[in-house]
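J.: Pasting a predicted model and its sequence here:
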Amino acid sequence: MTRYVLAAEADQIQDFIFRSSRLVQVVGGSGLLSRFCRETAPKLVSDPQHDVVISDGGSFRLLFNDSATACDRGRTLAEMYRRATDGTLTVAEPVGYEAGGFKAANDEAEALLRTAKRDERRAEALAHMPYVALCASCGVSLATEHTARFEDERPNYLCESCRHKAEERSLVRTEPDREQFLNHFWQNLGVEGASGLPSRLDRELLPREADDLAVHDPRNYVAYLLADGNGMGVLFSNCKAEDQLRSLSRALSDALWTALARPTATLCERLWEPGKPVPVLPLILGGDDCFALLAAPYALDFARRVCLTFEVEMNKAVRQIGLLGPPEPRPTLAAAVVICKANYPYALAHRRGAVLQRRAKRLARAAQLKHGVNLSAVDFDVILGGAVGETNDDDWKMGRQNFVAGLRPYWVSDDGLPSEAAQYGLGLETVLEGRYKLRHLPAKRRSELRELYLDGLPDEGEEVHEKWTPQLRALLQRTGRRAADVHALEEALAVLGDSQADAPGRWHDVRRPGGRYRAHGLPDLLTAWDFGLDLDREREEYEEAE
């Protein structure tokens, strides 16, 4: 019997979710997309248990018994998506296959979908009228009513999409059992554990805006986490049957929810107080993409633990499915942490994070292709004050061995780095370790080190010996008035650089895509000083020392 696989995918999902003026609407947009995928696909097929292969993160793979029905249901799916979100969804032509031919048909359907998405003639959700009222929230779509989104706002013009997002977010208050997007996160927190969180999700337990989490930092900084899977395309392309693809899609979603929730429970033990919002809010989570807001102090270690948890959960799942073998890379994450003021636009934070994430992904891919190393990688940046974050992701040095301030991105590993990975950089735990070692170092010495490593960086090898190294020796001598401080600094220089190097600078010879250079991790630590706390340690261990 011939069956047909239909491939469809929502267009410009991030544009739909970020097309809002309030952070709560971003969460509502993610929840709306999640609920649309969960509830719509089963209504279009004959047997939801077997005919829905993928329905998550705006991506669909549905099975039908004839081509005409598949085409008709594809048009219905696109129209339902337009009505629910005011956006477009691309549907490819269905591909037929006989028993045992699902993999080839799915590959062809994927190729047809990519071709259809590149077609500039596809429909767009645009409306043109001579006299219109535009939505006061997104500023793009036509307003359909004059109302208030939330109780703390006055009425204004709203489009259907922004109204739906606000309604989706309000389900936490009115119908908490229906709000699956945030409830899924809550159920994975382990609320019966040491975190002390109540078992039932309540609106008051969730941050509404970034300001709710800025209270954890004296300068009102928050952090945004982006994460994306490495090697997932190979795993999905190796699925030979519908059941494998269906199981892999579900396992990926579950692993990412668990990876975000488990460190959140630990973070709650450090920062959360009854009556206050939890210090993490998922904004986007679908497929292998994650975007979340979190309190800043433990941001780097939080990202490290997300990566480690994802690796454990995902590798366990793919082994059970029977997909993980020698030819396939082990699933890992490429993550980015953007630390900024609470009033910094979340869309700009996401844009900067996407650049950092690409750098982490390039690093992971280079080490995997050349040496077979499968490790997660994390990049991070601190956007000071109201500055606009850099968006150039091609800032690795090329050619000769120049000196670079910083070793970002960093690897994530629980068992130490293999020698092949050490050529490309250090583990993120070295930043956390260096932060703890230098907890007694006075702010003045940190400022001098920052100036030396960031602003006084040498250009050539001879300058290191003639100019730069004597400045470092002099700084160490001034620090040496307290023996414990100089010992801690020398240890940190070794941990964050090349411990085998003889010169005081401990420069690490780094190989990266495009060239080699010498670098050191101390500038990264000094930049992210307030945000590099270890979740295994109480915050007071750092504050009392200072």
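T.: Thanks, I have it.

J.: the strands in the stretch 301-450 of the chain, which residues?
T.: In the stretch 301-450 of the chain, strands defined by DSSP state E, counting those that start in this stretch lie at 332-341, 376-382, 403-405, 410-412, listed in chain order.

J.: To residue 244, which of the ones you listed lies closest?
T.: Among those, strand 332-341 comes nearest to residue 244, with 20.3 Å by Cβ to Cβ. Just so you know, the C-beta spots here come from the backbone N, C-alpha and C atoms, and that holds for glycine as well.

J.: quick one, longest helix in the chain?
T.: In the chain, with assignment by DSSP state H, the single longest helix is helix 242-271.

J.: can you pull the buried residues of that one?
T.: Of all the residues in helix 242-271, those buried under the rule 16 or more other Cβ atoms under 10 Å are 242, 244-249, 251-253, 255-268, 270-271.

J.: pLDDT averaged over it, what's the number?
T.: For helix 242-271, the per-residue pLDDT values average out at 89.

J.: between it and strand 332-341, how big is the angle?
T.: Our comparison of helix 242-271 with strand 332-341, counting by axes from the mean of the first three to the mean of the last three Cα atoms, to 10 degrees, yields an angle of 40 degrees.

J.: neighbouring contacts of whichever helix or strand comes after helix 242-271?
T.: Where DSSP states H and E defines the elements, the next helix or strand beyond helix 242-271 is strand 280-286. Contact with strand 280-286 is made by 13-14, 17, 23, 26-27, 30, 33-34, 37, 56-58, 181-182, 185, 206-207, 213, 253, 256-257, 260, 264, 267, 290-295, 302, 346, as judged by Cβ atoms under 8 Å, 6 or more residues apart in numbering.

J.: Okay, now the unreliable bits of the stretch 101-250 of the chain?
T.: Across the stretch 101-250 of the chain, the stretches falling below the confidence threshold (pLDDT under 70) are 120-132, 138-140, 149-153, 167-180, 190-196, 199-203.

J.: What segments of it are strands?
T.: Applying DSSP E, counting those that start in this stretch to the stretch 101-250 of the chain gives strands spanning 145-147, 156-158, 221-230.

J.: how big is the angle separating the last one from strand 332-341?
T.: Comparing the axes of strand 221-230 and strand 332-341 via the same axes, to 10 degrees yields an angle of 160 degrees.

J.: just checking, what packs against strand 221-230?
T.: Contact partners of strand 221-230 among helices and strands, from 3 or more Cβ pairs under 8 Å, 6 or more residues apart in numbering; DSSP states H and E: helix 211-214, helix 242-271, strand 289-295, helix 299-321, strand 332-341, helix 346-371.

J.: which one of the ones you listed is the most hemmed in?
T.: Each of the helices and strands packed on strand 221-230 was assessed for mean neighbour count using mean count of other Cβ atoms under 10 Å. The highest is strand 332-341, with a mean of 27.

J.: so who does the closest residue to residue 220 other than its chain neighbours touch?
T.: The shortest distance from residue 220 to any non-neighbouring residue, by Cβ to Cβ, 6 or more residues apart in numbering, is to residue 214 (4.1 Å). If a contact means Cβ under 8 Å, 6+ apart, then residue 214 has 220-222, 341-342 as its contacts.

J.: Next, format the strands of the stretch 301-450 of the chain as a markdown table and append distance to residue 520 and mean pLDDT.
T.: Output for the strands of the stretch 301-450 of the chain, formatted as a markdown table (distance: least, Cβ to Cβ, whole Å; pLDDT from 0 to 100):
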| stretch | distance to residue 520 | mean pLDDT |
| --- | --- | --- |
| strand 332-341 | 20 | 95 |
| strand 376-382 | 16 | 95 |
| strand 403-405 | 8 | 79 |
| strand 410-412 | 13 | 95 |
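
J.: Now render those strands as TSV, adding distance to residue 365.
T.: Putting the strands of the stretch 301-450 of the chain into TSV (distance: least, Cβ to Cβ, whole Å) gives the following:
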stretch	distance to residue 365
strand 332-341	9
strand 376-382	9
strand 403-405	20
strand 410-412	13
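
J.: Looking at those strands, which is nearest to residue 509?
T.: Of all the strands of the stretch 301-450 of the chain, strand 403-405 sits nearest to residue 509, with 10.9 Å by Cβ to Cβ.
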